[in-house]
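J.: dropping a prediction and its sequence here:
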Amino acid sequence: MAAGFRSNVWDPCLIVSQIVAVQCIFYLFLAFWVLLVDLWTGSMRSLDQFFRPRDLEFSSFKGKVTMAAFCLNALTGAGGLWVIVRRAKQCLDFAATAHLIHLIICSIYAGFPTTMTWWLLNITCMALMAVIGEFACMKTELKAIPVSVASVKSTI
């Protein structure tokens, strides 16, 4: 079988490296956005903001802006999907994997999340990351492939 455009070859090394890269982008930019929020609000920085569900609440200003940081992270995560994955069909898979790994780390750090706010926020952020990543990847995949007139004449 000849190698074609985007042939489907099972490459576990590539998939694992993409998962690791997307997860690194996820936490790197989450740290960036949470740092900006902490500098803006004058709050103490803590890993609890990342992994403790009780820190994400609508009742406090800090909780609201931390949730905004998570939403901004979904946008930068979508950019990471566009750069790393480059396939619209795989964006949902990688976004769900990143958030599943986040759920596992949160469960290890502070116990299984039981607050409705945490679940709503993370499902919303996963959907944002997947949809925006798919849109960006589709725009790239559907970009016109330039064909020169000279190459068309030589085939005729």
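T.: Alright, I've got the coordinates.

J.: just the buried residues of stretch 80-97, please?
T.: 80-82, 84-88, 90-95, 97 (16 or more other CB atoms under 10 Å). From N, CA and C alone the C-beta is placed, and that goes for glycine too.

J.: phi and psi next, for residue 87.
T.: phi -130, psi 120 (degrees, to the nearest 10).

J.: how close does it sit to residue 62?
T.: From residue 87 across to residue 62, the span is 37 Å (CB to CB, to the nearest Å).

J.: which strands or helices does the biggest helix by length in the chain pack on?
T.: The longest helix of the chain (DSSP state H) is helix 12-41. Judged by 3 or more CB pairs under 8 Å, 6 or more residues apart in numbering; DSSP states H and E, helix 12-41 is in contact with helix 48-51, helix 61-84, helix 88-110.

J.: compare the ones you listed and give me the one nearest residue 120.
T.: helix 61-84 (9.5 Å; CB to CB).

J.: alpha carbons of that closest one, as PDB, please.
T.: Extracted in PDB, the C-alpha atoms of helix 61-84 (Å, rounded to 0.1, in the frame of the first residue of the first chain):
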ATOM      1  CA  PHE A  61     -14.900  37.200  43.400                       C
ATOM      2  CA  LYS A  62     -11.700  35.100  43.500                       C
ATOM      3  CA  GLY A  63     -13.700  32.000  42.500                       C
ATOM      4  CA  LYS A  64     -15.300  33.900  39.600                       C
ATOM      5  CA  VAL A  65     -12.100  35.200  38.200                       C
ATOM      6  CA  THR A  66     -10.400  31.800  38.600                       C
ATOM      7  CA  MET A  67     -13.300  30.300  36.600                       C
ATOM      8  CA  ALA A  68     -12.600  33.000  33.900                       C
ATOM      9  CA  ALA A  69      -9.000  31.900  33.900                       C
ATOM     10  CA  PHE A  70     -10.100  28.300  33.200                       C
ATOM     11  CA  CYS A  71     -12.300  29.600  30.300                       C
ATOM     12  CA  LEU A  72      -9.400  31.600  28.900                       C
ATOM     13  CA  ASN A  73      -7.300  28.400  29.200                       C
ATOM     14  CA  ALA A  74      -9.800  26.600  27.000                       C
ATOM     15  CA  LEU A  75      -9.100  29.200  24.300                       C
ATOM     16  CA  THR A  76      -5.300  28.700  24.600                       C
ATOM     17  CA  GLY A  77      -5.800  25.000  24.800                       C
ATOM     18  CA  ALA A  78      -7.700  25.100  21.500                       C
ATOM     19  CA  GLY A  79      -4.700  26.900  20.000                       C
ATOM     20  CA  GLY A  80      -2.600  24.100  21.400                       C
ATOM     21  CA  LEU A  81      -4.800  21.500  19.700                       C
ATOM     22  CA  TRP A  82      -4.400  23.400  16.400                       C
ATOM     23  CA  VAL A  83      -0.600  23.500  16.700                       C
ATOM     24  CA  ILE A  84      -0.100  20.000  18.100                       C
END
